[in-house]
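Engineer: Generate a structure from the sequence data that follows.
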Amino acid sequence: MFSVEYFHERVLAEIESWPVDVLADYARIVELLVEHGPNLKLPYSRAFGDGLFELRPRGRSSIGRAFYCFLVGRRVIVLHAFVKKSQQTPDHEIKIARKRLKEVQNG
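Structural biologist: Numbers count the residues shown, from 1 in each chain. Down below sits the predicted model:
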């Protein structure tokens, strides 16, 4: 089992503000992540390289994305989250996640 933490309370607040159908899918995928850890794959999770991963919740209304990483002790840190407005994940969203990844890796 893995434990899930948030980089900052604002990350959790962002997720909690998502449309209810996307939020429900996120909750379901997080349960899978807690159970399967790094073995969780598409369509639920995708690796971005250098230890960065994304959760891929969706609903009828929209698509959410939550970037996360793994830390020692079976810990998952959700670094950044947003609702997708285009097909491609915007570079600035990935940059935020990578910056926060460096912060947690460097303690």
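Engineer: How much space separates residue 72 from residue 107?
Structural biologist: 11 Å (C-beta to C-beta, to the nearest Å). Every residue, glycine included, has its C-beta placed from N, CA and C.
Engineer: One more: residue 13?
Structural biologist: Distance from residue 13 to residue 107, counting by C-beta to C-beta: 24 Å.
Engineer: More neighbours: the two, which one.
Structural biologist: residue 13 (11 against 5; other C-beta atoms under 10 Å).
Engineer: shaky segments in this protein?
Structural biologist: For the chain, no stretch is flagged by pLDDT under 70.
Engineer: That one: strands as residue ranges?
Structural biologist: 3-6, 45-49, 52-55, 63-71, 75-84 (DSSP state E).
Engineer: chain center to the fourth one, what's the gap?
Structural biologist: When distances are taken as C-alpha atoms, centre = their mean, to the nearest Å, strand 63-71 is centred 2 Å away from the chain's centroid.
Engineer: Pull out the buried positions in that strand.
Structural biologist: 63-69 (16 or more other C-beta atoms under 10 Å).
Engineer: Just list whatever residues bridge to the residue nearest in space to the middle of the chain.
Structural biologist: Nearest to the mean C-alpha position of the chain, counting by C-alpha atoms, centre = their mean, stands residue 66 at 2.5 Å. Beta-bridge partners of residue 66, counted by DSSP bridges, are residue 55, residue 81.
Engineer: That one and residue 39, how far apart?
Structural biologist: 18 Å.
Engineer: Repeat that for residue 97.
Structural biologist: With C-beta to C-beta as the criterion, residue 97 and residue 39 are 21 Å apart.
Engineer: So between those two, which is more surrounded?
Structural biologist: residue 97 (25 against 9).
Engineer: re the thing from before, any idea which of the strands of the chain gets closest to residue 30?
Structural biologist: strand 3-6 (5.9 Å; C-beta to C-beta).
Engineer: residues of the closest one that come out buried?
Structural biologist: Judged by neighbour count (16+ other C-beta under 10 Å), strand 3-6 contains these buried residues: residue 6.
Engineer: Partner strands of that strand and their direction?
Structural biologist: Counting by DSSP bridges, strand 3-6 is paired with strand 75-84 (parallel).
Engineer: Same list, the strands of the chain, but as TSV with distance to residue 17 please.
Structural biologist: Below are those laid out as TSV (distance: least, C-beta to C-beta, whole Å):
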stretch	distance to residue 17
strand 3-6	14
strand 45-49	22
strand 52-55	16
strand 63-71	10
strand 75-84	9
